[in-house]
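In: Give me a model of this one.
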Amino acid sequence: MQPKNNPQNGRVDHDPARKILAEVREAYDAWHKAHPVRDYPPASTLFVLPVEEILRWLRFITANLKAHGIHPDMQQLLQGTITKLEALGYRSSPDA
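Out: Residues are numbered from 1 along each chain as shown. Have a look, this model is predicted:
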């Protein structure tokens, strides 16, 4: 039996947070490959972390994009993902 939420087999099972993250992963991966930033983890590293840690990274990346006034589509996608995760009750310190 394969483990749930295994990034190697692509299963997200019934975890609502993982379903939300699966929706954004492909877009983030394509964006990261087109605009590699050393300080941002690739999708293969980011999306296997615990949800709270992913949320922290998404906040960090979104804040940096906003500060530089770049990639508004990615800002909007990440902010929407943050909002959805928060609606499920996930929290992390934006400064963590």
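
In: Next, work out how far apart the closest residue to Y40 other than its chain neighbours and D15 are.
Out: Nearest in space to Y40, with sequence neighbours left out and distances taken as C-beta to C-beta, 6 or more residues apart in numbering, is I61 at 5.5 Å. Bear in mind the C-beta positions are built from the backbone N, C-alpha and C, glycine included. Look at I61 and D15: by C-beta to C-beta, to the nearest Å, they are 22 Å apart.

In: Neighbour count: these two, which is higher?
Out: I61 (22 against 15; other C-beta atoms under 10 Å).

In: Please give me every residue in contact with V24.
Out: Taking C-beta atoms under 8 Å, 6 or more residues apart in numbering as the contact definition, V24 lies against 77-78, 81.

In: ok, the residue nearest to Y40 to D29 distance?
Out: I61 sits 13 Å away from D29, taking C-beta to C-beta as the criterion.

In: Many thanks, we can stop here.
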